[in-house]
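In: fold the following.
(4 chains)
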Protein chains: 2
Amino acid sequence: MADTTQMLKGILDGCLLSIIKDGEIYGYELAARLESYGFTSFSEGTIYPLLLRMQKEGLVSATLRKSTAGPKRKYYSLTEKGEGELVSFIKRWEQLSFSVNNVLDKRGM
Amino acid sequence: MADTTQMLKGILDGCLLSIIKDGEIYGYELAARLESYGFTSFSEGTIYPLLLRMQKEGLVSATLRKSTAGPKRKYYSLTEKGEGELVSFIKRWEQLSFSVNNVLDKRGM
DNA sequence: AAATATATCTTGCATTACAAGATAGTGATG
DNA sequence: CATCACTATCTTGTAATGCAAGATATATTT
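Out: Alright, predicted model coming up:
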């Protein structure tokens, strides 16, 4: 207990799904996009394994495309299953943040 | 990815600190209190190890007292270090929920 | 005596963020 | 041409933590 990394567990995947829903995007760009939303920078050891896991679970699909400046990019899109999971995630997030804010504000007793 | 348990990591301890700050309380009652704030029920395997860990870290102090209906209760109080950690947690939580809500609402690009 | 409710602890497991290192393609600089 | 820097992805291993399952103990009720 001291840094933010534990708090990201089970939350980061939902955030990725939400960004991917906006349109095809590849991992390297995703990391940058997350920062623009206020997150602190992520290492590749975080993003890539997560994307592979979600692909394996059928939440996202991927296609390789040439890059103008480097090796091939792997573009991810949301599957139907991924959309369902995103909806489910949002519910869980709203439930959680409601409860935590209750505790911190000492309401709801 | 499917249940809420991963999302609690690194969040539950802050919630405990916040409740303990309101006054001495013992584990069994803490679990019930959390539910009253909107959390789903916690097993003892969650609460007690967490309290022991926080005690070991010096965030809370504990005293045993007789119970009217069962074995001795272990009442926890917040230490100064615990108060500092609570403040730090709240900052991390606000930063995180800000970022997540940004992503979900697609703002801040 | 037995059952029930209260109260705490221990061991082991599953999940997941992340660091560190490897690999590879492209363009610019010297 | 060689070297460097930037882009881009993957793999392996580690640390942290919520939680299930089981053990233990006390007090009241049946």
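In: just the pLDDT for the residue positioned nearest the centre of chain A.
Out: Taking CA atoms, centre = their mean, the centroid of chain A lies closest to residue A:16, which sits 2.2 Å from it. With respect to pLDDT, residue A:16 scores 98.
In: quick one: it from residue A:77, how far?
Out: 12 Å (CB to CB, to the nearest Å). Glycine gets a C-beta too; all of them are placed from N, C-alpha and C.
In: so which residues of chain A form strands?
Out: A:25-26, A:60-65, A:73-78 (DSSP state E).
In: include distance to chain B, mean neighbour count and mean pLDDT when you put these into TSV, please.
Out: Putting these into TSV (distance: least, CB to the nearest CB, whole Å; neighbours: other CB atoms under 10 Å in any protein chain shown; pLDDT from 0 to 100) gives the following:
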stretch	distance to chain B	mean neighbour count	mean pLDDT
strand A:25-26	13	18	98
strand A:60-65	12	15	97
strand A:73-78	14	19	98
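In: just for chain A, where's the confidence low?
Out: Within chain A, the stretches with pLDDT under 70 are A:1-2, A:107-109.
In: try it again with 80
Out: Applying pLDDT under 80 to chain A flags residues A:1-2, A:106-109.
In: need the longest helix for it.
Out: helix A:80-105 (DSSP state H).
In: pull out the buried positions in that one.
Out: A:82, A:85-86, A:89, A:92-93, A:96-97, A:99-104 (16 or more other CB atoms under 10 Å in any protein chain shown).
In: likewise for stretch A:37-53?
Out: Quick answer for stretch A:37-53 (16+ other CB under 10 Å): A:37-39, A:42, A:47-48, A:50-51.
In: could you confirm whether the longest helix of chain A reaches DNA strand C?
Out: No - figure legend: helix A:80-105 not in contact with DNA strand C (CB under 7 Å from any atom of the strand); closest approach 10.9 Å.
In: name the helices or strands packed onto that helix?
Out: helix A:12-21, helix B:12-21, helix B:80-105 (3 or more CB pairs under 8 Å, 6 or more residues apart in numbering or on different chains; DSSP states H and E).
In: who's in contact with the first one?
Out: The contact list for helix A:12-21, computed with CB atoms under 8 Å, 6 or more residues apart in numbering or on different chains, reads A:25, A:30, A:33-34, A:37, A:39, A:46-47, A:50-51, A:53-54, A:59-60, A:76-78, A:82-83, A:85-86, A:89-90, A:92-93, B:1, B:99-100, B:103-104, B:106.
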